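Enquirer: Okay, predicted coordinates and the sequence, questions at the end:
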Amino acid sequence: MSVGLDDVVAAETALSHVDGEAGRLIIRGFDLEELAGRQSFEAVSSLLWRDLAAAGDAMAVRHALGAARVAAFPIAERLLPMSAGLSPVEALRLMLSGLSDASPIPGHVLVTAAMPVFVAAITRHRDGLAPVAPDAALGQAADFLRMLRGQAASPAEIHALDTYLVTVIDHGLNASTFTARVVASTRAGMVSSVIAGLCALKGPLHGGAPGPVLDMLDEIATPERIRPWLEQALDNGERLMGFGHRVYRVRDPRADVLKHVAATLRAGANRIQFADEVERAALAILAERKRSRPLQTNVEFYTALVLEALALPRETFTPVFAVGRVAGWAAHVLEQEAANRLIRPQSRYVGPLPKRAA
Ligand code: ACO
């Protein structure tokens, strides 16, 4: 038995491969570094969806997503009042439930298009602002930032967000993708599968880490406090957010892509320098203390800095992760449905046995 399923291969996929020893992420035959910053979110989505759905090229995907964003907007308007008291990721869960598998829009397009519309509306609502309607002519990254702010973002910001969305678009059989595939295997449909994926992403051991990364940087606050703060956190048995990974034994390749992106955003220059010092100290301390397990920086560490430099509130970081990852979840659902077998593992019973009747 493998608690945590560490060494279990539970699916065959042609979508992405995480090489944990080499620190390499391959998406449909391309290294991440060949795609991130060079191809748009729409282009990489069409790469993931081709052969699985009538996806078309990057431009066809861009048009389809634009039209579907417009179709999703009334759902955001209708459900916003019901999101009072919910955290942003909980509000997103609520809004996704407003989508239907009976929609005439193909499921993978609908969920991918709806995600930025919902996240932008939720983010504005928490500041008391009305939602901004989508512009079908824009790409996902540009329109997401415009719907968030009510005005166009700069080309550098749009490029940074587009690079981020591609960087997190797919990542093998991570917890949320596996969850989405399990639900898809019951033939529950695209919307339910994606909601299930989001629920798995919510946890701090998966997609809930980047907000706490910033909390950690804020608490450390000054260079002199870096080492004592980190030592104390580990003495208390805490985990350092943004470090460690189930599969990578070397540095997460996504961390370097995002570190580079963060450096292109002027707003975050001092913060990045400080984060760099924290990262170096954390890696040194983890290497001293956790000799049995190589612990390296993961994607969430620099995600936090990129999203902060884009002026996104930290409570929305997990929903923004979903804006990128949803295209991968949708591809995995399509792949699961194309060659489906119900995913139904066994458990080993360790409870009491019934007492035999005398
Ligand atoms: N800080 C301190 N110690 C850690 C950390 C960390 N971030 N990560 C793992 N360890 C330690 C554990 O305490 C354990 O030590 P021990 O053997 O002395 O008890 C050892 O490393 C192995 O830990 P596991 O829990 O077996 O490792 P697992 O593969 O389950 O953990 C995980 C992976 C959940 C990502 C973990 O590294 C972690 O909690 N990191 C912090 C949260 C985080 O950054 N999450 C985002 C992950 S990226 C993503 O999902 C998008």
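Expert: Received the coordinates, thanks.

Enquirer: Confirm for me that A152 is in contact with R146.
Expert: Yes. With contacts counted by C-beta atoms under 8 Å, A152 reaches R146, the gap being 5.5 Å. Every C-beta, even on glycine, is put in place using the N, C-alpha and C of the backbone.

Enquirer: The two: who's more crowded?
Expert: A side-by-side neighbour count of A152 and R146, using other C-beta atoms under 10 Å, places R146 first with 20 against 14.

Enquirer: how much space is there between that one and the ligand?
Expert: As judged by C-beta to the nearest ligand atom, to the nearest Å, R146 and the ligand stand 26 Å apart.

Enquirer: just checking, that residue is part of a helix?
Expert: Yes. With DSSP: H, G, I helix; E, B strand; the rest coil as the criterion, R146 is assigned to a helix.

Enquirer: Please look at it and E157 and confirm they touch.
Expert: No. Look at R146 against E157 with C-beta under 8 Å: they stay out of range, at 10.5 Å.

Enquirer: Could you break the protein into its assigned domains?
Expert: Domains of the chain are assigned by automatic domain parsing as 32-153+169-204+316-339, 210-309.

Enquirer: Could you find the closest non-adjacent residue to the residue of the stretch 201-350 of the chain found nearest the ligand?
Expert: For the stretch 201-350 of the chain, the residue closest to the ligand is G244, as judged by C-beta to the nearest ligand atom, at 2.2 Å. Counting by C-beta to C-beta, 6 or more residues apart in numbering, L295 is the residue found nearest to G244 once chain neighbours are left out, at 4.7 Å.

Enquirer: what sits against that neighbour?
Expert: Shown in contact with L295 (C-beta atoms under 8 Å, 6 or more residues apart in numbering): 243-244, 283, 286-287.

Enquirer: go on, A200?
Expert: By C-beta under 8 Å, 6+ apart, the contact set of A200 is 175-176, 178-180, 206.

Enquirer: where does the stretch 51-200 of the chain dip in pLDDT?
Expert: For the stretch 51-200 of the chain, applying pLDDT under 70 flags no range at all.

Enquirer: In it, mark out all the helices, start to finish.
Expert: Along the stretch 51-200 of the chain, the segments classed as helices by DSSP state H, counting those that start in this stretch run 58-79, 88-96, 107-126, 140-149, 155-167, 175-185, 190-201.

Enquirer: could I get those helices as TSV with distance to P253?
Expert: Below are those laid out as TSV (distance: least, C-beta to C-beta, whole Å):
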stretch	distance to P253
helix 58-79	23
helix 88-96	26
helix 107-126	23
helix 140-149	21
helix 155-167	9
helix 175-185	18
helix 190-201	20
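
Enquirer: L25 is nearest to which of those?
Expert: Of all those, helix 155-167 sits nearest to L25, with 8.8 Å by C-beta to C-beta.

Enquirer: hang on, the earlier thing: from the contacts of A200, which are also near the ligand?
Expert: Filtering the contacts of A200 for proximity to the ligand by C-beta under 6 Å from any ligand atom leaves H206.

Enquirer: which of the contacts of A200 lies closest to V111?
Expert: V111 lies nearest to A180 out of those, by C-beta to C-beta, at 10.2 Å.

Enquirer: right, and the closest one touches S192 too?
Expert: No. With contacts defined as C-beta under 8 Å, A180 does not count as touching S192, sitting 9.2 Å away.

Enquirer: Closest to the centroid, which residue in this protein?
Expert: Centroid-nearest residue in the chain: F321, 3.2 Å away (criterion: C-alpha atoms, centre = their mean).

Enquirer: can you tell me which residues contact it?
Expert: Neighbour list for F321: 168, 201, 207, 210, 303 [criterion: C-beta under 8 Å, 6+ apart].

Enquirer: What's the local residue count around the fourth one?
Expert: In this case it means P210. Neighbours of P210 under the rule other C-beta under 10 Å: 28.

Enquirer: Take the contacts of F321 and write them to a markdown table, including distance to the ligand.
Expert: Formatted as a markdown table, these follow (distance: C-beta to the nearest ligand atom, whole Å):
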| residue | distance to the ligand |
| --- | --- |
| V168 | 7 |
| L201 | 8 |
| G207 | 5 |
| P210 | 8 |
| T303 | 8 |
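
Enquirer: Pick the one among those closest to F317.
Expert: Ranked by distance to F317 (C-beta to C-beta), the contacts of F321 are led by P210 at 4.3 Å.

Enquirer: What pLDDT does the model give the closest one?
Expert: At P210, the model reports a pLDDT of 77.

Enquirer: coming back round to it: who's more crowded, A180 and S192?
Expert: Each of A180 and S192 has its neighbours counted (other C-beta under 10 Å); A180 has more, 31 against 19.

Enquirer: per-residue pLDDT, the residue nearest to G244?
Expert: 91.

Enquirer: what about it, is that helix, strand or coil?
Expert: coil.
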